[in-house]
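Colleague: coordinates for the following, if possible.
(2 chains)
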Amino acid sequence: MRNASASLAAPLCKRFQGAPASSGRRYVIRAMGAGAAAVSAPARASREAAPLDIAAYPALDQILRESRPRWQSIAPGFDIRVVAREFGDHHSALTAAMAARKGLPDLMAVEFGFLARFAASGVLADLSSLPGLGQTSAGIVPYALAQCRLAGGLFALPVDIGPGVSFVRTDLLEQARITEQQVLASWEGFVEAGRLLRAANGPYLLPHARDLKDAIIRSAIEPGDGLYFDAKGRPRLDSERFRLAFRLAREVRRNDLDARVSAWSNDWAEGIRRGRIAALLMGAWFGGHLANWLAPATSGRWRTGELPGGARASWGGSFYAIAANSPRREQAWAMLRLLAGDPALQLDAFRRHDAFPALQTAHQDPFFDEAMTFFGGQRARRLWRDIALAIPSVTVHRLDPLADEIVNAELDRVLMRGKDPERALEDASRVLERRAQRVRA
Amino acid sequence: MSAHAQGVEAPAARVRASLVDRLRGRDPAFAPWLFLTPFLLLFAVFGVYPIAFSFYMSLHDWDPVRGLASARFVGLDNYLFVLADEWFHQSLISTAWLAIASGVPQHLVAIPLACFIDSRLRRTRDMLAALYFLPYVTSTVAIAIMFTALLSRDFGMVNLMLDAFARLPLVGALLPAGPIDWLNDPDRIRPAVSMVVFWRFVGFNTLLYLAALQGIPRELYDAAHLDGASAWQRFRHVTLPLLRPVAFFAVTLSIIGGMQLFEEPFVLSGGKGGPDQSVMTTAIYLYRSAFEFSDFGAASAMSWILVLIMALLSALVTRWLGNRGDR
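Modeller: Residues are numbered from 1 along each chain as shown, chains lettered A, B, ... in the order given. Take a look at the predicted model:
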């Protein structure tokens, strides 16, 4: 079949054929004309049938591939192409594409920490006025949806969340005659329980004192504030939660209550497997990792619950955003509505990949009421769901990753060099303010 | 047509002919440029342009996610910010520490090792040189991952070996009682990273010195021997002076490599620069400033300051080791 490109190229060739020219030149021109037609025809055809490009990191890439049959029932004949990269590479590639204003995928996964920065880029579509938004967003956990409202628009939708919970080895607590209630009553009680554990020649309380700091600063955030900045973008490192976090982290280190291992390292994994670590403060998604590959042999010995003192905190989450200049915006929006609004899809992702659903309708499934053998028969998922619904919304700031680095650097000085926590927080605040001024300028 | 008119037209015709000839590759003087064109084009795109762009960015405030159009000229602000930045100072100290601790031993070991291989192990020389060179050609990431496992505090081979030695009667007293936290203690991670860098590059330097030793005429050693020079005197007064040109080259490479140190500390510290930023080299800091903290202006300024420092150090080495024989 003759297509539009071929018909456009034909008169061009004819015009050149009619011009006075040597036979050699005519041959070249004819070849160029034919070549242009030949090249442009499939290019146009492939453009018309181009699949929806979706960039994601593990394990979202796998979830996307598994969603293909469901997608094809909605958009038959319109395929998706998943561009999968490792977590860091994925966000670096998106940064490069945003810088060049070229090459962005139609739909892209964005991790919580990058949300504010990417929302300010001006290349993400504002979803506020898209048809069907109300229906899709109605079931989303409120705090996760609130995190997407940035710079006067709605630039992403969440697909999985990380309500902060605790995981405790009850068998190790019993050996030291400590109850779970003692451990989780308050932050101070948590540290005191660690002392009792160690005094009984027991395991370490935590992998790292930094974990305690991370949990405390994420809880009791004042309304309207973010993790590190207030609503006006001023650093809030002088707030009580930071003081408490630094003070207790120092107590943990001074009393040798932490194993001094960083998350996801070999020593950390082995410490958890071999019962050298009694408690973990993480997102609820970690329960699946613990049960499935990290320490399946410890089944029945763990219990999960709220954070100490009933604190409510969020640990990350995954979001999807649409490129504003995508030629397939309608399809991208349809796919995003599927990923963010289909409870069956999110339940599947939870079952297979431990991605805790952002949709409340998914939380109503009987799967959430099942007793979990790994947690000694606890109905853990139901507990995590209730915690998720009580988490307050927290604003995100584009300098949050840098603030995290600054605070961690000062905490290292407190833990390893004996720096005074108050002075460390003052120094961190000064460095952060200097950086924030650059952004404001 | 007058002779004058002919005289005017002739050069123009020659130029036209010459251009056609050149384009057809008939002018031998033009041929090298033709062959060089692919390289020059690639070098311009992937070499000159990024360098020029980096300098341009060092004078601008730019968050990459907002696109190039959002770049704002700030003059020398980025340089002033970086020069007053505590983290930059800390990164320079870390870089210098690692460069010296890993660089100096490389040469102190490589020169005697090359002399030993050259004089005593002539038969197995090539095989040994290849073995020493092996770490240099192995993937840095693979090396760093392997050393991460070896240096693990609780389950690493290094600590297991030290623990075994610690049980021996006399040696045990010299070793620490507990396991060493190589990668999470700010005072231990620097020696650990330096050791990995040393292990990786000592073979490369050995090979350089070995090649240079093979170029020294044997007659010089024979003459020195006849004059009654001892082995140390032959090394001191024959080998070392003749190794100076290669030493100059090798030391310059070590300085540049040391100041650009990135992969080993990056992977061994999990990409964060280690506890208390003790192995956050300037190269890691500028990478993180650009790609994690979105401050391309400051990162570019850092890279140019680093270039200046490297140029200064290279000039000092040139003064110390280079061209001394010519003066």
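Colleague: for the rest of this, base every contact and every neighbour count on C-alpha atoms.
Modeller: Will do.
Colleague: where along the chain do the strands fall?
Modeller: No chain was given, so I picked chain A. If DSSP state E is used as the criterion, the strands of chain A fall at A:52-56, A:80-84, A:107-111, A:149-150, A:153-154, A:157-169, A:279-283, A:302-305, A:314-322.
Colleague: meant chain B, my bad for not saying
Modeller: Along chain B, counting by DSSP E, strands occupy B:60-61, B:72-73.
Colleague: and the first one, what other elements does it pack with?
Modeller: So that's strand B:60-61. Using 3 or more C-alpha pairs under 8 Å, 6 or more residues apart in numbering or on different chains; DSSP states H and E as the contact test, the elements touching strand B:60-61 are strand B:72-73, helix B:296-321.
Colleague: is any part of the longest one close to chain A?
Modeller: Meaning helix B:296-321. No - if you take C-alpha under 8 Å from any C-alpha of the partner chain as the test, helix B:296-321 misses chain A, and the best it gets is 10.3 Å.
Colleague: looking at that helix now, give me its mean pLDDT.
Modeller: Along helix B:296-321, the predicted local confidence has a mean pLDDT of 92.
Colleague: ok and the residue in the stretch 201-327 of chain B nearest chain A?
Modeller: Of all residues in the stretch 201-327 of chain B, residue B:276 sits closest to chain A, with a separation of 5.2 Å (C-alpha to the nearest C-alpha).
Colleague: can you check the pLDDT for that residue?
Modeller: In the predicted model, residue B:276 carries a pLDDT score of 90.
Colleague: my understanding was that it contacts residue B:187; is that so?
Modeller: No - between residue B:276 and residue B:187 no contact is recorded; they are 9.5 Å apart, counting by C-alpha atoms under 8 Å.
Colleague: how about the residues of the stretch 151-300 of chain B near chain A?
Modeller: Remark: the part of the stretch 151-300 of chain B in contact with chain A comprises B:152-155, B:184-186, B:275-277, B:291-293, using C-alpha under 8 Å from any C-alpha.
Colleague: now mean neighbour count and distance to residue B:250 too, for the helices and strands packed on strand B:60-61, in TSV please.
Modeller: TSV is the format used below for the helices and strands packed on strand B:60-61 (neighbours: other C-alpha atoms under 10 Å in any protein chain shown; distance: least, C-alpha to C-alpha, whole Å):
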stretch	mean neighbour count	distance to residue B:250
strand B:72-73	14	40
helix B:296-321	18	11
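Colleague: of all those, which one is nearest residue A:333?
Modeller: Shortest separation from residue A:333 across the helices and strands packed on strand B:60-61 is recorded for helix B:296-321, at 32.2 Å, computed as C-alpha to C-alpha.
Colleague: show me what the closest one is packed up against.
Modeller: helix B:49-58, strand B:60-61, helix B:77-83, helix B:240-259, helix B:282-291.
Colleague: now the angle from it to helix B:49-58?
Modeller: Going by axes from the mean of the first three to the mean of the last three C-alpha atoms, to 10 degrees, helix B:296-321 is angled at 120 degrees with respect to helix B:49-58.
Colleague: re earlier: which one's more surrounded, residue B:276 and residue B:187?
Modeller: Higher neighbour count among residue B:276 and residue B:187: residue B:276, with 23 against 15, using other C-alpha atoms under 10 Å in any protein chain shown.
Colleague: neighbours of residue A:158, just the number please.
Modeller: 29.
Colleague: list of residues touching stretch B:243-258?
Modeller: B:95-96, B:98-100, B:103, B:107, B:205, B:208-209, B:212-213, B:310, B:313-314, B:317-318, B:321-323 (C-alpha atoms under 8 Å, 6 or more residues apart in numbering or on different chains).
Colleague: quick check, nearest of the residues of the stretch 151-300 of chain B next to chain A to residue A:431?
Modeller: Comparing those against residue A:431 with C-alpha to C-alpha picks out residue B:293 as the nearest, at 13.5 Å.
Colleague: got the strands of chain B as a markdown table, with mean pLDDT and distance to residue A:355 columns?
Modeller: Output for these, formatted as a markdown table (pLDDT from 0 to 100; distance: least, C-alpha to C-alpha, whole Å):
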| stretch | mean pLDDT | distance to residue A:355 |
| --- | --- | --- |
| strand B:60-61 | 92 | 38 |
| strand B:72-73 | 92 | 41 |
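Colleague: make CSV out of the ones you listed and add distance to residue A:404.
Modeller: Listed next are the strands of chain B as CSV, based on distance: least, C-alpha to C-alpha, whole Å:
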stretch, distance to residue A:404
strand B:60-61, 22
strand B:72-73, 27
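Colleague: domain parsing for chain A?
Modeller: Residue ranges for the domains of chain A, per automatic domain parsing: A:52-161+A:316-369, A:163-313+A:382-440.
Colleague: close to chain B, is the shortest one?
Modeller: Yes - Domain A:52-161+A:316-369 is in contact with chain B by C-alpha under 8 Å from any C-alpha, via A:92, A:95-96, A:98-101, A:117-118, A:120-123.
Colleague: out of those residues, which end up buried?
Modeller: With neighbours counted by 16 or more other C-alpha atoms under 10 Å in any protein chain shown, those contain buried members at A:95-96, A:98-101, A:117-118, A:120-123.
Colleague: switch the residues you listed over to TSV; also include pLDDT.
Modeller: Supplementary listing: those in TSV, determined by pLDDT from 0 to 100:
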residue	pLDDT
A:95	91
A:96	90
A:98	92
A:99	89
A:100	88
A:101	89
A:117	88
A:118	91
A:120	86
A:121	87
A:122	88
A:123	91
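Colleague: and those residues, which of them are in helices?
Modeller: When helices are assigned by DSSP state H, the members of these inside them are A:95-96, A:98-100, A:117-118.
Colleague: and the contacts of stretch B:243-258, which of them are buried?
Modeller: In the contacts of stretch B:243-258, burial by neighbour count holds for B:95-96, B:98-100, B:103, B:107, B:205, B:208-209, B:212-213, B:310, B:313-314, B:317-318, B:321-322, counting by 16+ other C-alpha under 10 Å.
Colleague: for chain A, give me the ranges with low pLDDT.
Modeller: Low-confidence regions of chain A, defined by pLDDT under 70, span residues A:1-49, A:440-441.
Colleague: quick one, what contacts residue A:395?
Modeller: When contacts are counted by C-alpha under 8 Å, 6+ apart, residue A:395 is found next to A:146-147, A:224-227, A:231.
Colleague: wait, which of those is closest to chain B?
Modeller: The nearest one, if we look at those relative to chain B and count by C-alpha to the nearest C-alpha, is residue A:227, at 16.6 Å.
Colleague: that closest one and residue A:396 touch, don't they?
Modeller: Yes - with contacts counted by C-alpha under 8 Å, residue A:227 reaches residue A:396, the gap being 7.2 Å.
Colleague: tally of neighbours for the closest residue to residue A:235 other than its chain neighbours?
Modeller: Distances taken as C-alpha to C-alpha, 6 or more residues apart in numbering or on different chains place residue A:229 nearest to residue A:235, at 4.4 Å, with adjacent residues excluded. Burial of residue A:229 is recorded as 23 neighbouring residues (other C-alpha under 10 Å).
Colleague: please apply the same query to residue A:265.
Modeller: When neighbours are counted by other C-alpha under 10 Å, residue A:265 comes out with 14.
Colleague: give me the phi and psi for it.
Modeller: Dihedral angles of residue A:265 (phi, psi; degrees, to the nearest 10) stand at phi -80, psi 170.
Colleague: please apply the same query to residue B:262.
Modeller: Comment: the main-chain dihedrals of residue B:262 come out as phi -140, psi -60, following degrees, to the nearest 10.
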